[in-house]
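Chemist: here is the input, now give the coordinates:
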Amino acid sequence: MTCFEDNIAHSHIIIALIDGREDALQQLFDRYANDVYRIAYAVLKDSFESEDVVQEVFIKLWNARLRLDETGSIWSFIYVIARRVSLNKLRESRFKIAEQVFTLEADFSKDSDEDTIRKEILALENEVIKKLPGQQRTAYLLSRVEGLTYKEIADQMNIAPNTVKNHIIQALRTFKKYFRRFGYPLFLLFLIWN
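Modeler: The predicted structure follows:
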């Protein structure tokens with residue numbers, strides 16, 4: 001299909017969408033849902049949130065259909081919605097996490113039991129460390145416990161500094177995944193205290 005034919009096809013879909021035809025929305029969803037997902041995932045780094053963005057974008061498109069320009073670029077319109085929704089979700093999630101951390105810290109200081117929480121976090125950390133693959137565990141311990149730089153760890157493990165970095169990133173992803181069961185505030189405290 002040529003670019004001209006593609007524009008005509010899109011123009012017909014936009015007109016059908018403006019007329020309230022759900023099959024036009026379905027065609028646009030089929031064509032652009034993966035692209036919207038990629039935009040959302042690039043911003044959010046979370047598959048569930050990104051899937052929510054896809055749904056929300058096409059609901060917003062449907063609700064805004066009467067304002068569409070049949071000669072305009074539908075992808076540009078969808079792209080702008082996808083970016084806005086993704087960035088709004090990112091702001092919301094960061095605000096929620098910050099709010100949870102402040103609440104959690106307030107609860108800790110109110111209870112004056114910070115030592116107990118630290119012990120709980122250390123116990124969880126030790127559980128995860130045992131589950132890490134050998135080189136990830138070694139790189140993590142040398143970095144976090146021994147305080148060595150990536151270069152020093154690389155020399156000691158006889159691997160490249162970028163490989164050390166990758167091992168530590170993977171280890172932290174495992175921690176994040178594990179701590180997620182207990183809530184992000186606990187994971188954030190783990191990161192702050194390490």
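Chemist: does residue 148 touch residue 155 like I think?
Modeler: No: using C-beta atoms under 8 Å, residue 148 and residue 155 do not qualify as a contacting pair, with a distance of 9.0 Å. Quick note: C-beta positions are derived from backbone N, CA and C, even for glycine.
Chemist: more crowded one of these two?
Modeler: Set side by side, residue 148 and residue 155 show unequal neighbour counts under other C-beta atoms under 10 Å, the larger going to residue 148 at 18 against 13.
Chemist: helix, strand, or coil at the more buried one?
Modeler: Secondary structure, DSSP: H, G, I helix; E, B strand; the rest coil: residue 148 is coil.
Chemist: now for residue 78, how many residues are close by?
Modeler: 22.
Chemist: mind checking which helix or strand the nearest residue in space to it that is not next to it in sequence is in?
Modeler: By the measure of C-beta to C-beta, 6 or more residues apart in numbering, the closest residue to residue 78 outside its immediate chain neighbours is residue 32, 5.4 Å from it. For residue 32, the element it lies in under DSSP states H and E is helix 22-44.
Chemist: so which residues make contact with the helix or strand just after that helix?
Modeler: Next along the chain after helix 22-44, taking DSSP H and E as the criterion, comes helix 47-63. In this structure, residues lying in contact with helix 47-63 by C-beta atoms under 8 Å, 6 or more residues apart in numbering are 17, 25, 28-29, 33, 36-37, 39-41, 44, 77-78, 81-82, 85-86, 89, 93.
Chemist: one more: stretch 15-28?
Modeler: Residues from elsewhere that reach stretch 15-28, judged by C-beta under 8 Å, 6+ apart: 13-14, 58, 61-62, 65-66, 68, 70, 74, 78.
Chemist: what about 6 Å?
Modeler: 13, 62, 65, 68, 70 (C-beta atoms under 6 Å, 6 or more residues apart in numbering).
Chemist: I'm done for today, thanks for sticking with me.
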